[in-house]
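# got a structure for you, letters missing:
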């Protein structure tokens, strides 16, 4: 990573019984946050990778998604949600870590503006997508939660959070 990236924390899952990964007590000393996620699911049911800030489960999130499969493309808009949508986790059996995602959160420590995130999500057998999300809250972000509602994350999944230092 460039020298402006500083690793805050990494979580590598040892078993497939985790549905939520949380980074908490995030310092406000960076300009932006970047999460790099490599994951998969544990069931044959398609599930989604979702995100919340500061344990806020109110209807304060909106997401616009663009995605393509190589032969088709579509978009969607989700307003007044209780979470941000990031992508669809490939739930392959046997369990594989074959989806990757990069999430950028701009100006996360500013206490006067709503927070936005951009995510790029890819998987090896289904689709690629990009999302832009808004958290309608002016609080500084001190915790980021990633979760999947219909599955567990596959063993070997990694979640790494970076802070972007001011140049």
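Structure's in. What do you need? Nothing here was measured: the structure is a model prediction, and the numbers come from that model.

# pretty sure residue 113 contacts residue 138?
Yes - if you go by C-beta atoms under 8 Å, residue 113 and residue 138 touch, sitting 6.2 Å apart. Backbone N, C-alpha and C define where each C-beta goes, glycine included.

# beta-bridge partners for residue 99, please?
Residue 99 forms beta bridges with residue 39, residue 123, as assigned by DSSP bridges.

# just give me the neighbour total for it.
By other C-beta atoms under 10 Å, the residues close to residue 99 number 26.

# how much space between it and residue 27?
28 Å (C-beta to C-beta, to the nearest Å).

# residue 113 is in what secondary structure piece?
Here residue 113 is covered by no helix or strand, with elements defined by DSSP states H and E.

# let me see the contact set for it.
By C-beta atoms under 8 Å, 6 or more residues apart in numbering, residue 113 lies in contact with 107, 138.

# same check on residue 69?
Contacts of residue 69 (C-beta under 8 Å, 6+ apart): 126, 127.

# what does the model give it for pLDDT?
The pLDDT attached to residue 69 in the predicted structure is 84.

# from here on, call the first residue 53.
That works, and once the first residue is 53, the last one we named lands at residue 121.

# okay, and the helix or strand of the chain with the least pLDDT?
When each helix and strand of the chain is scored by mean pLDDT, DSSP states H and E, strand 136-141 comes last, with a mean of 84.

# sheet-wise, list the partners of that strand with their directions.
strand 99-105 (antiparallel).

# return the distance of the partner strand from the chain's centre.
6 Å (C-alpha atoms, centre = their mean, to the nearest Å).

# residues contacting that strand, please?
In this structure, residues lying in contact with strand 99-105 by C-beta under 8 Å, 6+ apart are 89, 91, 93, 113, 134-141, 143, 151, 153, 155, 167, 169, 173, 185, 187, 189, 193, 195-203.

# just these: which are in strands?
89, 91, 113, 136-141, 151, 153, 155, 167, 169, 173, 185, 187, 196-199 (DSSP state E).

# write the PyMOL selection for whichever of those residues are buried.
Here is the PyMOL command that selects the buried residues among those (16 or more other C-beta atoms under 10 Å):
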select buried, resi 89+91+113+136+137+138+139+140+141+151+153+155+167+169+173+185+187+196+197+198+199
